[in-house]
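# sequence and computational prediction follow.
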Amino acid sequence: MQKRADWPTLQFDVATTTRPPCSDRKRRLDTRIWQVMTKTRRETTEMSTRDASNLPSLFKRRFGREPELFRAPGRVNLIGGHTDYNGGFVLPAALDLATFIAIAPREDNLIQVHSVNFDSDLTFDLDQPQQPAHDWSDYIRGVAVGLMNSRYCLNGADVAVLSTLPIGSGLSASAALEVGFGYALLSISDQTIDRLKLAQVCQHAENEFVGTHSGIMDQFISCHGVEGTALLLDCRSLEARPIPIDPAIRIIICNTMVHHELARSEFNQRRKDCEDAVALLSTKITGVFTLRDVNLTQLREHAGLLPELIYKRARHVVNENARVIDAVLALEARDFVTAGKLMNASHESLRDDYSVSCRELDVMVELARKAPGVYGARMTGGGFGGCTVSLVSTETAKDFTAVVGPAYAAATGLSPTIFTCYPGAGVGPAHL
């Protein structure tokens, strides 16, 4: 697919904090917090994981001083499943759910982190080599290593983190953690912040340190989210433009409350499948470096080159790229029926060709589509559990939960979390 010549490029302001360059400041890392919505802390049993307003006072009790506050949003992807690491197109929106960071600089090289959601602590020295521990701390250490390798001068910090994002739900809690901490730690280290570079450092940390071979979408939207819009992102050029969400529609997210542990290994396998398809197709088609470079006619013409499974993986990606562009055109034309049909087709393709759905996601999607005023519904995120996203008429959105929630509980025995997404801004200072 070729980028349309009439697409204007969104010129993002490079977020800068005009601070002096580091002199002999020490280096430091950042930290990550996952979220478990049912846990509370021993110190503050009254603090809900969805109430970030008490985070500053918690920090002060724990560390004895006032913190600076930051937030980084999660995301929902309206359409464009598994296209980002294939150099394709996606249409994510930043959420109002976020990871919140309270942070203050230290005089030494230590990073001390408390996770409210996990009720756990982490301490490490920035001057010591960091290796993956194969747990939640890898997100912290990985971003820190990435920032230091990018020649940022970092100093130690005390940190408390709290997330209102559900873990393992496909709403990019990990990217919000990476981006939020990267931004916060750079801010208190008097470093100039380039949002695009921060997104790239965080993606690299997830790929190389954590071991999940994801694309750039999650970190990009957490850095660059624009209030009231989704972003059409070209994951090859990293050009983007905002697509306003019309007041006549609502974006509704349903958490199936299911997370399958095989998600990471299967995710990496899907990426390998796509790379295998590219390796075979490039022997016959000039200029193929990713599946972004292949159109459907070419794929069909050379189908005999590919094993059946690899062909199905490639067919999903090629068709999904086209669906993203068509969905943007439909939304801009206020043709919500067509946009919804494209979302439906995306889910079928993710289920049948890419094999990343599961029973609970399929049940939720089918129930959502039967609700009044729903234009379309699909899984969102990497798959194997997590969330669905539905495009719903504003007039009927208020009735959606009452219709879908009980039906899903009856079908699965699980009580879903259902909420309306109001697209928000990207990472920055928090005002609690």
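Yes, it's here. Numbers count the residues shown, from 1 in each chain.
# for residue 278, give its distance to residue 356.
To residue 356, residue 278 is 19 Å away according to Cβ to Cβ, to the nearest Å. C-beta: built from backbone N, CA, C; applies to glycine.
# apologies, that question was intended for residue 335.
Residue 335 sits 28 Å away from residue 356, going by Cβ to Cβ.
# again with residue 339
22 Å.
# again, but for residue 341
Residue 341 sits 20 Å away from residue 356, taking Cβ to Cβ as the criterion.
# look at the two and report which has more neighbours.
residue 356 (23 against 17; other Cβ atoms under 10 Å).
# which non-adjacent residue is nearest the more buried one?
Distances taken as Cβ to Cβ, 6 or more residues apart in numbering place residue 383 nearest to residue 356, at 3.0 Å, with adjacent residues excluded.
# and that neighbour, helix, strand or coil?
Of the three states, residue 383 takes coil under DSSP: H, G, I helix; E, B strand; the rest coil.
# for residue 69, same thing?
With three-state DSSP as the basis, residue 69 sits in strand.
# ok, now residue 118?
coil.
# ok, residue 114 next?
Secondary structure, three-state DSSP: residue 114 is strand.
# wait, what's in contact with it?
Residues in contact with residue 114 (Cβ atoms under 8 Å, 6 or more residues apart in numbering) are 62, 120-121, 159-161.
# those residues in helices, which ones?
Per DSSP state H, helices hold the following members of the contacts of residue 114: residue 62.
# go through the contacts of residue 114 and say which is closest to residue 132.
For the contacts of residue 114, the closest approach to residue 132 (Cβ to Cβ) belongs to residue 120, at 17.5 Å.
# what comes up buried for the lengthiest helix in the chain?
When the chain is parsed with DSSP H, its longest helix is helix 308-332. By neighbour count on 16 or more other Cβ atoms under 10 Å, the buried set for helix 308-332 is 310-321, 323-328, 330-331.
# then stretch 332-344?
Buried, per 16+ other Cβ under 10 Å, within stretch 332-344: 336, 338-344.
# what comes into contact with that stretch?
With Cβ under 8 Å, 6+ apart as the test, stretch 332-344 has contacts from 78-79, 243, 246, 248-249, 323, 326-327, 330-331, 369, 374-378, 389, 391, 393.
# mean confidence for that stretch?
Mean pLDDT, stretch 332-344: 98.
# reformat the buried residues of stretch 332-344 as CSV; add distance to residue 86 and secondary structure.
Formatted as CSV, these follow (distance: Cβ to Cβ, whole Å; DSSP: H, G, I helix; E, B strand; the rest coil):
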residue, distance to residue 86, secondary structure
336, 27, helix
338, 24, helix
339, 22, helix
340, 24, helix
341, 23, helix
342, 18, helix
343, 19, helix
344, 21, helix
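# quickly name whichever of those is closest to residue 198.
Distance to residue 198, by Cβ to Cβ, is smallest for residue 343 among the buried residues of stretch 332-344, at 30.1 Å.
# for the residue nearest to the closest one when sequence neighbours are not counted, grab phi and psi.
Nearest residue to residue 343 in three dimensions, chain neighbours excluded: residue 376, at 3.5 Å (Cβ to Cβ, 6+ apart). Here is the backbone geometry of residue 376 (degrees, to the nearest 10): phi -170, psi 160.
# give me the neighbour count for the residue nearest to residue 356.
For residue 383, the count of nearby residues is 23 (other Cβ under 10 Å).
# could you measure from it over to residue 349?
Counting by Cβ to Cβ - residue 383 and residue 349 are separated by 12 Å.
# for the two, list the residues in contact with both.
Common contacts of residue 383 and residue 349, defined by Cβ under 8 Å, 6+ apart, comprise residue 81.
# still on that earlier bit, can I get the buried part of the contacts of residue 114 as one PyMOL selection?
With 16+ other Cβ under 10 Å as the criterion, this PyMOL line picks the buried residues out of the contacts of residue 114:
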select buried, resi 62+159+160+161
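# shaky segments in the stretch 301-432 of the chain?
Along the stretch 301-432 of the chain, the model assigns pLDDT under 70 to no residue.
# report the contact partners of residue 305.
Here residue 305 is in contact with 280-281, 283-284 (Cβ under 8 Å, 6+ apart).
# cutoff 6 Å now
By Cβ atoms under 6 Å, 6 or more residues apart in numbering, the contact list for residue 305 reads residue 280.
# also residue 125?
109-110.
# any idea how far residue 138 is from it?
17 Å.
# paired strands for the lengthiest strand in the chain, with orientation please.
Longest strand in the chain, counting residues (DSSP state E): strand 92-105. Strands that pair with strand 92-105, judged by DSSP bridges, come out as strand 68-77 (antiparallel), strand 157-163 (antiparallel).
# lowest average pLDDT across those strands?
Among the strands paired with strand 92-105, strand 157-163 has the lowest mean pLDDT, at a mean of 95.
# contacting residues around it?
Outside strand 157-163, the residues touching it (Cβ under 6 Å, 6+ apart) are 28, 31, 33, 35, 52, 55, 58-59, 63, 99-106, 111-117, 173.
# and if we set it to 7 Å?
Contact with strand 157-163 is made by 28, 31, 33-35, 49, 52, 55, 58-59, 62-63, 99-106, 111-117, 173, 176, 185, 188, as judged by Cβ atoms under 7 Å, 6 or more residues apart in numbering.
# so where do the helices sit in the chain?
According to DSSP H, the helices that the chain contains are 55-63, 137-149, 173-188, 195-204, 217-224, 263-281, 296-301, 308-332, 336-352, 359-370, 400-412.
# could you measure residue 351 against residue 311, distance?
16 Å.
# sorry, back to before: how about JSON lines for the helices of the chain, with distance to residue 429 added?
As requested, the helices of the chain are exported to JSON lines (distance: least, Cβ to Cβ, whole Å):
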{"stretch": "helix 55-63", "distance to residue 429": "13"}
{"stretch": "helix 137-149", "distance to residue 429": "19"}
{"stretch": "helix 173-188", "distance to residue 429": "8"}
{"stretch": "helix 195-204", "distance to residue 429": "14"}
{"stretch": "helix 217-224", "distance to residue 429": "14"}
{"stretch": "helix 263-281", "distance to residue 429": "32"}
{"stretch": "helix 296-301", "distance to residue 429": "45"}
{"stretch": "helix 308-332", "distance to residue 429": "31"}
{"stretch": "helix 336-352", "distance to residue 429": "34"}
{"stretch": "helix 359-370", "distance to residue 429": "35"}
{"stretch": "helix 400-412", "distance to residue 429": "32"}
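# all set, thanks.
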